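Colleague: take a look and give me a structure for this.
(one chain, ligands or ions: 1)
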Amino acid sequence: MRRKLAAGNWKMNGLKASLSEIEALIAAHPGPDCDVLICPPTTLISAAAALARGRIAIGGQNCHPRLSGAYTGGISAQMLKDAGASHVILGHSERRADRYESDEVVHAKATTAISEGLVAIICVGETERERDRGATLDVISSQLKGSLPLNASGAYLVIAYEPIWAIGSGRTPTLEQIAEVHDFMRAEMVKRLGDDGDEIRLLYGGSVKPSNAADIFAVPNVDGALVGGASLLASDFGAIVAALEAA
Ligand code: 13P
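Modeller: Alright, predicted model coming up:
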């Protein structure tokens, strides 16, 4: 039985004052009926984890493939864990595109993250041009093949389907389009991992809001959401958590 997951990706947003949103979220959902995760910027992970005290999970947004060494500016999986993170987002399209992260790099980072005991949330998704030319499932298939590490398991891997054209745009795929990709990803995971593939949580991400969350959560094989903009305010994200609890 997969436990649903509402994950917030704050991206490069959030100062110390923003910790009050985490406080408000926990106050509004003291014992949520689903997993709740906030991935703030690295500078806030320690403070957020101290505040959350395990009531919600805290995660990073990236990590280095190596555990330590001469990599100026790098943040290792071990450091995230040490700061109180339990999850890490890897292969977000903003990093695949802006930081030239290949499937191979995502694979290396995920291998290290999982071996350090972090849950890796690996993002995949097509561009609008790829969708228009009917290549969506091919793109997802090749990203999954290239990015998923050999040590992936139901407990330590989450996949987020984030169509690039839906991120921050206010546009979302139709529920049928979401279902098609999620059913495909489920089948791929079962092919790869057998019964354990059925335990991997598949999140949808891209313009999830309180107003569309319930419809998206009713789609089979959608086990939650990876939320950007609407995770910054406890009131919006709390409404998404409530929709997931009710799903
Ligand atoms: P938005 O929810 O702002 O569209 O962002 C989605 C996202 O990229 C989450 O990782």
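
Colleague: Tyr204 belongs to a helix?
Modeller: No - counting by DSSP: H, G, I helix; E, B strand; the rest coil, Tyr204 is not part of a helix but strand.

Colleague: hey, what's it bridged with?
Modeller: Beta-bridge partners of Tyr204, counted by DSSP bridges, are Tyr161, Ala225.

Colleague: these two touch, right, it and Asn221?
Modeller: No - using CB atoms under 8 Å, Tyr204 makes no contact with Asn221, being 9.5 Å away. Every C-beta, even on glycine, is put in place using the N, C-alpha and C of the backbone.

Colleague: got the buried residues for the biggest helix by length in the chain?
Modeller: In the chain, with assignment by DSSP state H, the single longest helix is helix 175-193. For helix 175-193, a neighbour-count test (16 or more other CB atoms under 10 Å) marks 178-182, 184-186, 188-189, 193 as buried.

Colleague: packing partners for that helix?
Modeller: In terms of contacts (3 or more CB pairs under 8 Å, 6 or more residues apart in numbering; DSSP states H and E), helix 175-193 is packed against helix 136-147, strand 157-161, strand 201-205, helix 210-217.

Colleague: for the ligand, what's the nearest residue on this protein?
Modeller: Going by CB to the nearest ligand atom, the ligand is nearest to Gly228 of the chain, at 2.3 Å.

Colleague: what about the residue lying closest to Val106 once chain neighbours are set aside, neighbour count?
Modeller: Distances taken as CB to CB, 6 or more residues apart in numbering place Gly91 nearest to Val106, at 3.7 Å, with adjacent residues excluded. The tally of other residues near Gly91 (other CB atoms under 10 Å) stands at 28.
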